[in-house]
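Trainee: how does the following fold in three dimensions:
(2 chains)
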2 protein chains.
Amino acid sequence: MKNWIDELKRVLTPKQVLTELADRHSYSFDASFGEYLPEAVVQVKNKYEVASVLKAANEFHFPVYPRGKGTCLSGGPLPVHGGAVLDLSQWPEQIDVRPEDLTVVVSPSALPANINQAAEEYGLMYAPDPSSAHVATIGGNLAENSGGPRGLKYGVTKDFVLGLEIVTPEGEITRTGGQTIKNVTGFDLTKLIVGSEGTLAVITEATLKLLPKPPAVQTLMVSFKDIRSAGQAVSKTLTSGILPSKMEFMDQACIRAVENFQPSGLPIDAEAILIIELDGHPDAIAAELEVVEKIMMELGASETIVPGNPEEAARIWHARKQVSPAIAQIKPTKVSEDATVPRSKIPEMMERLQAIKEKYKVEIVVFGHAGDGNLHPNILCDKRDQEEMARVESAVEEIFLAAIKLGGTLSGEHGIGTMKAPFMEVELGKVGLDMMKRMKESWDPNNILNPGKIFTEQGQRLVLRNE
Amino acid sequence: MKNWIDELKRVLTPKQVLTELADRHSYSFDASFGEYLPEAVVQVKNKYEVASVLKAANEFHFPVYPRGKGTCLSGGPLPVHGGAVLDLSQWPEQIDVRPEDLTVVVSPSALPANINQAAEEYGLMYAPDPSSAHVATIGGNLAENSGGPRGLKYGVTKDFVLGLEIVTPEGEITRTGGQTIKNVTGFDLTKLIVGSEGTLAVITEATLKLLPKPPAVQTLMVSFKDIRSAGQAVSKTLTSGILPSKMEFMDQACIRAVENFQPSGLPIDAEAILIIELDGHPDAIAAELEVVEKIMMELGASETIVPGNPEEAARIWHARKQVSPAIAQIKPTKVSEDATVPRSKIPEMMERLQAIKEKYKVEIVVFGHAGDGNLHPNILCDKRDQEEMARVESAVEEIFLAAIKLGGTLSGEHGIGTMKAPFMEVELGKVGLDMMKRMKESWDPNNILNPGKIFTEQGQRLVLRNE
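Mentor: Alright, predicted model coming up:
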């Protein structure tokens, strides 16, 4: 029988198919947990090549794992069953703004920050702003339905996708949705594929919605002496009639980690801070700022800083972006979660995290998109310490169950991938999970495209230890 | 073999199963085209009853057509193959606002206008505002993914659905999504089911997102001497950095129809009018109003009316809502379309509609959500006139093809239903349509739930004549 790697070299060119051990190692991990060595890496640059790879995969029965820049926090591109990683990051970047339609057409390799920059030339903006916007690809953002701080007011990646060009798991090229703002022609495959973690299709082009860029923005940083008050301040603001564009939370551990990593002038004695951004018309912002400051004071804020110019504001937001790299310095291993709860449950979730931290004696730092109920508890640990990792496993499980119990969800924006798959049935129930599996099976009968993600495999459970 | 109607009377109560001819006639039509007599009508009031009906349907192999108030413009609830209409309009109305979460939980029978009214008590709003908001049910809105004028700024029904409770085609009760703003746990069944026209599930409860109610609104009515300028004024406004909450278009025929039906003070000599609404902070609105008025003048507006109080503004919006009933008075039959194009193509689509009108000598009036590229060309005709209806069929087909050719879609907000099904493959291609069918088959192997919608049946084509 013909070797599938030779077949890939035949349908593409040999230099697009990497099989050296060093190359395969580079594609064996992402920003989550675990390492899996692929048998080959395929670098594709157009839709026809993607189609050829998938047709070969169905003929030779090898798995294919789409990958952008590998910044995924849930294991999306991990080649858990060997086979081929499909690297889309080498695709030429295409960003075609259509200002009259308020849309932009992009290649899967485009960086979200570049998309937004291109839009700004026309006074427009691409609203989703994941912290990784300068390093991750839009293809990965689409696969995982990435969020970001601005999600509070504007929504997440999915809310900005009008249409896709895709290659189906069986290697057929087709389009979903279109270029119009409204479209109810048949099932909404666009919104189904966005966030399906590369299990239903490979995205080869996307048409995204742009918005007029708000004429002004105003940042506000507020310190609190206790975490619960910060949580209550979030709820109070959101029911005051004001919808800030961002409402971010950092606990003391995050604040100190950032200050150690890159001093940014954050208040290191605060138990927690909120970083808030208002956007819109300058007069509206001025009025809203007053209301928000009043709410913060009523809830016992110890300090409020209103930056006087865009540079000062940028410094604060830069500090917020440093949280992830900063906390990664504290211990060798970082287990990053994004369990999400209804907005009113934010203070309660914060308390539960505190209790879990004490119960399992693990180091949990918390930051995130508090306005969305989307916190990022990060457990800092050392994966070589088997005893510690056992406690981490239990803590992670309890975080998931706490979020579900509060009416929340396993994942707000990072995706299920490998680590959260064992908990899917707790949230969705047998029927809900079965309906998802039916879809996957009907689209990908040979289970070629990104197997081992979202759905658990026989007996799979959360394991953070080497056994 | 046991009779399925007897089985329904057994699993429900006999009085919930209507079989009298007069009752069946009442459920044989909707607000679109065609009449189909069901064999029975089943009035359900809770999810367990829905589950029982669907389980019986799978056992006895009879089709089930979910129905709200029957206002559908695309044939969604029509019992095209006999069987049972599942009437959800008798379900007790439940509207449970959760102000701290900025959500509301509703029963399928709730009216969107009532949902918005309940939200307003907390200073919140339910943004989607289809013209039928006072008469249609949210269940129907969810099934069809209804739009409305406010869709321009806020999006359509789907954009406000966080979670659903559903009964699957096989009669299993389950939940999708949840109560959180962000959720990427598994496939997005919520957004797939919303807009699937009752073919994938029966919705028995929904959790909807609410927004803070804007502190102020300002209406503006602008007259134009030619249609093209009105179209250009829409494009120009949307690229000026301002996003109005509504931007509605009416041509002269609509204006005159409304004035004949219910005099409302519309300018009957205008070739077209735009009715615009700005919302937000009062100072921001005042500044935006100036910009919009300037744009309108530059594009040759002949008159601009800025109502001085909410009552005057309400009169203008009431006139806009009268278009549909008013034009229905002109001729016995109204074929209502909602083909949608990219925003920049609005002026071109208006010209094409004019050409189609002349070519087929049919009476087409046009109104709609111009800011979304979502026009409603309505063909006024008499279905008893076979020769005229032949011309109408050709005109409808040409409208669909024109929209697709301009990069648009068959339906922006009314759905595919029965009439547009024959054109699905033109827009989606064989593969796109096949991927949708695979889903339907995997969820509904016995093709029980709302068969004959979205997907064409063997040899089906657009027929508006009795043959």
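
Trainee: buried set for the helix or strand encompassing A:Asp434?
Mentor: A:Asp434 is located in helix A:424-443, with elements delineated by DSSP states H and E. Of the residues in helix A:424-443, those buried by neighbour count under the rule 16 or more other CB atoms under 10 Å in any protein chain shown are A:424, A:427-428, A:431-433, A:435-436, A:438-440, A:442-443. Where you see a C-beta, it was placed from the backbone N, CA and C, and this is true even at glycine.

Trainee: who's in contact with it?
Mentor: Residues outside helix A:424-443 that contact it (CB atoms under 8 Å, 6 or more residues apart in numbering or on different chains): A:168-169, A:192, A:199-201, A:400-401, A:404, A:409-410, A:416, A:447, A:454-456, B:168, B:172-176, B:178, B:185-187, B:189, B:435, B:438-439, B:441-443.

Trainee: could you give the average pLDDT over that helix?
Mentor: Along helix A:424-443, the predicted local confidence has a mean pLDDT of 95.

Trainee: what's the distance between A:Glu393 and chain B?
Mentor: Between A:Glu393 and chain B the computed distance is 20 Å (CB to the nearest CB, to the nearest Å).

Trainee: give me the below-cutoff pLDDT ranges for the stretch 1-150 of chain A.
Mentor: Residues of the stretch 1-150 of chain A that meet the criterion pLDDT under 70 lie in A:1.

Trainee: run through the residues of it sitting next to chain B.
Mentor: With the criterion set to CB under 8 Å from any CB of the partner chain, the stretch 1-150 of chain A comes near chain B through A:98-103, A:122-123, A:144-145, A:147.

Trainee: which among those residues gets closest to chain B?
Mentor: A:Glu100 (3.5 Å; CB to the nearest CB).

Trainee: ok so the closest one is a helix residue?
Mentor: No. According to DSSP: H, G, I helix; E, B strand; the rest coil, A:Glu100 belongs to no helix; its state is coil.

Trainee: that one and B:Thr239 touch, don't they?
Mentor: Yes. Applying CB atoms under 8 Å, one finds A:Glu100 in contact with B:Thr239, separated by 6.2 Å.

Trainee: more neighbours, these two?
Mentor: Per other CB atoms under 10 Å in any protein chain shown, whichever of A:Glu100 and B:Thr239 has more neighbours is B:Thr239, with 19 against 16.

Trainee: do me a favour and get the end-to-end distance for stretch A:133-140?
Mentor: Across its full length, stretch A:133-140 reaches 11 Å end to end, with CA to CA, to the nearest Å as the criterion.

Trainee: show me the contacts for A:Val366.
Mentor: Contacts of A:Val366 (CB under 8 Å, 6+ apart): A:249-251, A:253-254, A:350, A:353, A:375-378.

Trainee: next helix or strand past the host helix or strand of it?
Mentor: Secondary structure here is read from DSSP H and E; on that basis A:Val366 sits in strand A:363-369. Taking DSSP H and E as the definition, the helix or strand that follows strand A:363-369 towards the C-terminus is strand A:374-381.

Trainee: could you say what helices and strands that next one packs with?
Mentor: Applying 3 or more CB pairs under 8 Å, 6 or more residues apart in numbering or on different chains; DSSP states H and E, one finds that strand A:374-381 makes contact with strand A:333-336, helix A:346-360, strand A:363-369, helix A:386-405.

Trainee: tilt between it and strand A:363-369?
Mentor: If you take axes from the mean of the first three to the mean of the last three CA atoms, to 10 degrees, strand A:374-381 sits at 160 degrees to strand A:363-369.

Trainee: other residues contacting strand A:374-381?
Mentor: Strand A:374-381 has contacts (CB under 8 Å, 6+ apart) with A:147, A:151, A:249, A:327, A:330-341, A:346, A:349-350, A:353, A:362-369, A:388-389, A:392, A:395-396, A:399, A:412-413, B:180-182.

Trainee: for the stretch 51-200 of chain A, what spans make up the helices?
Mentor: With DSSP state H, counting those that start in this stretch as the definition, the stretch 51-200 of chain A shows helices at residue ranges A:112-120, A:138-144, A:151-154, A:189-193.

Trainee: A:Leu18: neighbouring residues, count only.
Mentor: Counted with other CB under 10 Å, A:Leu18 comes out at 19.

Trainee: distance of it from chain B?
Mentor: Taking CB to the nearest CB, one finds A:Leu18 at 30 Å from chain B.

Trainee: that residue contacts A:Arg24, doesn't it?
Mentor: Yes. Look at A:Leu18 against A:Arg24 with CB under 8 Å: they come within range, at 7.0 Å.

Trainee: quick check: neighbours shared by these two?
Mentor: Overlap between the neighbourhoods of A:Leu18 and A:Arg24 consists of A:40-41, taking contacts as CB under 8 Å, 6+ apart.

Trainee: returning to that earlier point: are any of the residues of the stretch 1-150 of chain A next to chain B buried, and which?
Mentor: In the residues of the stretch 1-150 of chain A next to chain B, burial by neighbour count holds for A:98-103, A:122, A:144-145, A:147, counting by 16+ other CB under 10 Å.

Trainee: identify, from those residues, the entry nearest to A:Lys69.
Mentor: A:Glu144 (12.1 Å; CB to CB).

Trainee: need the contact list for the residue lying closest to the closest one once chain neighbours are set aside.
Mentor: With sequence-adjacent residues excluded and distances taken as CB to CB, 6 or more residues apart in numbering or on different chains, A:Glu144 is closest to A:Gly415, at 4.4 Å. With contacts defined as CB under 8 Å, 6+ apart, A:Gly415 is in contact with A:72-74, A:76, A:143-145, A:195, A:197, B:184.

Trainee: tell me which two of those residues sit farthest apart.
Mentor: Maximum distance among the contacts of A:Gly415 (CB to CB): 14.1 Å, for A:Leu73 and A:Gly195.

Trainee: what would the helices and strands packed on strand A:374-381 look like in JSON lines with mean pLDDT?
Mentor: Rendered in JSON lines, the data for these read as follows (pLDDT from 0 to 100):
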{"stretch": "strand A:333-336", "mean pLDDT": "90"}
{"stretch": "helix A:346-360", "mean pLDDT": "94"}
{"stretch": "strand A:363-369", "mean pLDDT": "95"}
{"stretch": "helix A:386-405", "mean pLDDT": "95"}
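
Trainee: buried deepest among these, which one?
Mentor: The highest mean neighbour count among the helices and strands packed on strand A:374-381 belongs to strand A:363-369 (a mean of 23), with neighbours defined as mean count of other CB atoms under 10 Å in any protein chain shown.

Trainee: how long is stretch A:209-229 end to end?
Mentor: The straight-line separation of the ends of stretch A:209-229 (CA to CA) is 37 Å.

Trainee: is it up against chain B anywhere?
Mentor: Yes. Counting by CB under 8 Å from any CB, contacts between stretch A:209-229 and chain B involve A:211-213, A:215.

Trainee: out of those residues, which is nearest to A:Asp6?
Mentor: The shortest distance between A:Asp6 and any of the residues of stretch A:209-229 next to chain B, using CB to CB, involves A:Leu211 and amounts to 48.4 Å.

Trainee: next one: that closest one relative to B:Thr239, how far apart?
Mentor: The span separating A:Leu211 from B:Thr239 equals 12 Å under the rule CB to CB, to the nearest Å.

Trainee: and what of A:Glu7?
Mentor: From A:Glu7 across to B:Thr239, the span is 49 Å (CB to CB).

Trainee: over to A:Ile138?
Mentor: 23 Å.

Trainee: got phi/psi on A:Lys209?
Mentor: Backbone torsions of A:Lys209, given as degrees, to the nearest 10, read phi -90, psi 140.

Trainee: hmm, it is touching A:Leu102, no?
Mentor: Yes. Counting by CB under 8 Å, A:Lys209 does reach A:Leu102; the two are 6.6 Å apart.

Trainee: who touches both of the two?
Mentor: By CB under 8 Å, 6+ apart, A:Lys209 and A:Leu102 have these common neighbours: A:Ile181.
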